[in-house]
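Asker: the sequence isn't on hand, but the structure is:
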């Protein structure tokens, strides 16, 4: 089975699709353009991501709510920049009833049931939420509002790829309201830190925190912060964004509050989101030519126990005993009870779906009080005493989590390359890949020209990296700091 | 504030809306017909419902997945009965792009971007899921498939009421595939039992398990099982349904499996769901004229500690200490830190939002080592020693949970009334309300006539209730058992 995966070196894009399909993470929805079915193996990862993020949001005072799927068309016209960014490729609901075709050939849309105003399937919820906030906010006492929503959204993308870019996707979108610019900005940064911590501690995916250029900003934001990760093919992935929206949406939707000085003021806003795209990032950060590799913290099953060559009463009983010890340590474990397939087939299968640790248990192991431990990340195998196996595996899972992060970080760090000319930049992008750390004159015009020449965009201006004077790689004009370019998903 | 609620006796329907709005559970989405905004107070209840149900599903071997929001129109024509039931009041997506109005007045639908085939926003997902299952199932070894989905669905209802009936609502929908009718039927019943257990143990809402008449069956089901609850106004509420779908969807979508005898056979199916409608049932089962009453197991906040008359360093410090003790018992507690409003105002507010236990802490209490404990369910207050307060409150929360169930069950049990004539039935429905337990001749014709005369429907044929021969209240024809009629939400 493992042999069926296209090697990364041969065709990276095909390798990615092979993993998605063969690890049964997702598939394209037949006959629903651009949508995907997230299968249990994929959804199990999303559930763990959601639970971990949700706990981090709640620990910082956020609550969840739910707003309508549909947005009246005219709402999308209200915030000028937002229109440009989002009122384009949207699914539009125009009718609310079907009826039997008089010809007897199934159902047709009832032309009588046309909506007076079309409804848009939300591509993001700023407009519908700020329309609601208008009634919720009177004075500074009603602020802050710290609301998050877990929801599906739809953006009619022309080129889709499972998890990375799909017409419908799942995400969380936070929408907060504040009494001052400072407070809204500190919320924006707080969430950025949460995203970075989640990416690194849970996904074992190192990220760079930065700010987007005006050209790459969210439509309607005054400032967009992001976390950027690097995939194994040298392309960058925007993994999460946190937007300081200023008073733009409050102005568009007439949302005022009475401040402490008894004056009416527009409310300050943030919004922020991560999506099922993270699963794509997770796959491309760790997996190999044998299949999916999952960090233990996000693996739905962390350990599988395989009786060798197949289940028998004494092996199964021993496996149950070991499973009980592991579960007592909070480890998610399953026992292979299949008696049809051979161990080699099973091993390949478990490697394919990315179970971090495989325990092989045969009669000889029982006799010697040992068990064979196979790590998915390094493919190393070792014999380990059954005595104290719970502690051993708990430590091993931590070690695997750390190893995955370290490995990804080494790769990422060795793929941030300084370039001092456009030729150098092009050479790095073509031959080495990764981030190019280069000077830029700060104008959108230059940014777009570099993009046209190199297919690389400015991923971000990293936060807290030292400033350094220099000259723009394209125009030679003065620059105060280097920024990070890359080709990106 | 509490005084603003319309009493139940005056206008039950207005009372319900008052609770929904004033406890900040939900509101109608302005300008999005029939949709609601579920506010944090309401969504917090839904989160606890979801987590409890999700754990019960997983304990019985189910996994979650996610299928597309959109269904190609022609899928809805494939299962004949399903068409009648669901292909009617649906939101229809006909276009996938907006563009700027050449007049400069916002955005318009781009007529160029018309879909070749319209997409329906899912009203339920049998069709899209069985279309996917066709590729997942080859042999009996691929069965059973035990998948659940948490999702939003849309049914274009003409008369809506928050939680009880909205165009968009949140729910879970289980869709399982089996190798035999027996196995599918036992799954259907397993889920029915889970729903009943959840309703009674978590919602403290007694339910009757039963089977629907053919007329009330889910469109596409061979048999629909349900749990039926009774609201305080004497109307019934269908709280959950579990359907045995036979081979109907397998036939409609050509889903076969190779059985153990090496023969191709259509797969057997179930589907089952509960929705945010349960929140409506929860409200109408327990709440009173002072506001929401929540069973402790589902209350986002179980205990609030109120310093009296307002926060001061020593009271706040004592409140923190008490909160720590309660949290150590797993109790969800918050401390009131507001120094603007008076205790009376706060008490009414906490009653409105349904916090099960309120602790009032004043200087005298500190001196005597006591605290005032107020129960939301009975409105009783008592002074309790601070020593051992954690255990006391933990027991009290259990007692409140039980009391709410007992109270609701007493009400329900005294509102199941036998009737042996249509006149008797009409009298009960008009003057007493509740379930009417009466004989029916088993025909849809009679069922519909009784509905027309009394506005009551057959809620279910209760499971495991004794059979009893008799005569139909309408036709006098022989009947083998009584069934439960009621007016219903």
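Answerer: Okay, I see it. These numbers come from a predicted model, not from an experiment.
Asker: which residues of chain A fall in helices?
Answerer: For chain A, the helices defined by DSSP state H occupy A:12-22, A:40-59, A:80-86, A:126-136, A:181-201, A:248-252, A:277-286, A:313-328, A:343-353, A:363-368, A:389-413, A:422-431, A:444-454.
Asker: between the ones you listed, which one is closest to residue B:11.
Answerer: The closest of the helices of chain A to residue B:11 is helix A:126-136. By C-beta to C-beta, the value is 23.6 Å. Bear in mind the C-beta positions are built from the backbone N, C-alpha and C, glycine included.
Asker: distance of the residue in the stretch 351-489 of chain A that chain B sits nearest to relative to residue A:45?
Answerer: When distances are taken as C-beta to the nearest C-beta, the stretch 351-489 of chain A reaches nearest to chain B at residue A:353, 13.2 Å away. Residue A:353 sits 11 Å away from residue A:45, going by C-beta to C-beta, to the nearest Å.
Asker: more neighbours: which of these two?
Answerer: Higher neighbour count among residue A:353 and residue A:45: residue A:45, with 26 against 20, using other C-beta atoms under 10 Å in any protein chain shown.
Asker: so where's chain A shaky on pLDDT?
Answerer: Along chain A, segments meeting pLDDT under 70 span A:1-3, A:87.
Asker: now the residue in the stretch 301-450 of chain A that chain B sits nearest to: how far from residue B:265?
Answerer: Here the stretch 301-450 of chain A gets closest to chain B at one residue, residue A:340, 8.0 Å apart by C-beta to the nearest C-beta. Distance from residue A:340 to residue B:265, counting by C-beta to C-beta: 21 Å.
Asker: which one's more surrounded, these two?
Answerer: More neighbours surround residue B:265 than the other of residue A:340 and residue B:265, with 15 against 8 (other C-beta under 10 Å).
Asker: if I look at that one, how far off is chain A?
Answerer: Residue B:265 is 21 Å from chain A, where distance means C-beta to the nearest C-beta, to the nearest Å.
Asker: that residue pairs with what?
Answerer: On the basis of DSSP bridges, residue B:265 is bridged to residue B:257.
Asker: residue A:366: how many residues sit nearby?
Answerer: There are 16 residues near residue A:366, going by other C-beta under 10 Å.
Asker: equivalent analysis for residue A:325, please.
Answerer: Neighbour count for residue A:325, taken as other C-beta under 10 Å: 17.
Asker: pull out the buried residues from stretch A:10-18.
Answerer: Buried residues in stretch A:10-18, counted by 16 or more other C-beta atoms under 10 Å in any protein chain shown: A:12, A:15-18.
Asker: touching it from outside, list them.
Answerer: Applying C-beta atoms under 8 Å, 6 or more residues apart in numbering or on different chains, the external contacts of stretch A:10-18 come out as A:4-8, A:161-162, A:232-233, A:280, A:283-284, A:289.
Asker: quick one: residue A:259 from chain B, how far?
Answerer: Distance from residue A:259 to chain B, counting by C-beta to the nearest C-beta: 16 Å.
Asker: OK, contacts around the residue lying closest to residue A:434 once chain neighbours are set aside?
Answerer: Distances taken as C-beta to C-beta, 6 or more residues apart in numbering or on different chains place residue A:415 nearest to residue A:434, at 2.7 Å, with adjacent residues excluded. Shown in contact with residue A:415 (C-beta under 8 Å, 6+ apart): A:230, A:234, A:432-435.
Asker: same thing but at 10 Å, please
Answerer: Shown in contact with residue A:415 (C-beta atoms under 10 Å, 6 or more residues apart in numbering or on different chains): A:230-232, A:234, A:236, A:428, A:432-436, A:486.
Asker: which members of those occur in strands, if any?
Answerer: Among these, the members found in strands (DSSP state E) are A:230, A:236, A:435-436, A:486.
Asker: most widely separated two among those?
Answerer: A:230 and A:436 (11.6 Å).
Asker: now do the shared contacts for those two.
Answerer: By C-beta under 10 Å, 6+ apart, the residues touching both residue A:230 and residue A:436 are A:415-416, A:459, A:484, A:486.
Asker: emit the PyMOL select command for whichever of those are buried.
Answerer: Buried residues among the shared contacts of residue A:230 and residue A:436 (16+ other C-beta under 10 Å), as a PyMOL selection:
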select buried, chain A and resi 415+459+484+486
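Asker: can you list which of the shared contacts of residue A:230 and residue A:436 are found in strands?
Answerer: The strands, defined by DSSP E, take in A:416, A:459, A:484, A:486 from the shared contacts of residue A:230 and residue A:436.
Asker: in the sheet, who's paired with the third one?
Answerer: As for beta bridges, residue A:484 partners with residue A:437, residue A:460 under DSSP bridges.
Asker: thinking it is in contact with residue A:436, fair?
Answerer: Yes - assessed by C-beta atoms under 10 Å, residue A:484 is found in contact with residue A:436 at 7.3 Å.
Asker: need the residues touching each of those two.
Answerer: Residues touching both residue A:484 and residue A:436 (C-beta under 10 Å, 6+ apart): A:416, A:456, A:458-459.
Asker: what subset of these is also close to chain B?
Answerer: Contacts with chain B within those, counted by C-beta under 10 Å from any C-beta of the partner chain: none were found.
Asker: near residue A:305, how many other residues are there?
Answerer: 23.
Asker: that one bridge partners, please.
Answerer: Residue A:305 has the following beta-bridge partners by DSSP bridges: residue A:335, residue A:359.
Asker: got the contact list for the residue of the stretch 351-489 of chain A closest to chain B?
Answerer: Residue A:353 makes contact with A:19, A:22-25, A:41, A:291-292, A:294, A:299-301, A:304, A:376, according to C-beta under 10 Å, 6+ apart.
Asker: are any of these buried, and which?
Answerer: Listed as buried from those are A:19, A:22-23, A:25, A:41, A:291-292, A:294, A:299-301, A:304, A:376; burial here means 16+ other C-beta under 10 Å.
Asker: farthest-apart pair in these, please.
Answerer: Based on C-beta to C-beta, the longest span within those runs between A:19 and A:304 and measures 18.5 Å.
Asker: correct me if wrong: residue A:311 contacts residue A:343.
Answerer: No - counting by C-beta under 10 Å, residue A:311 does not reach residue A:343; the two are 11.5 Å apart.
Asker: which residues do those two both contact?
Answerer: Common contacts of residue A:311 and residue A:343, defined by C-beta under 10 Å, 6+ apart, comprise residue A:336.
Asker: now for residue A:111, how many residues are close by?
Answerer: With other C-beta under 10 Å as criterion, residue A:111 counts 9.
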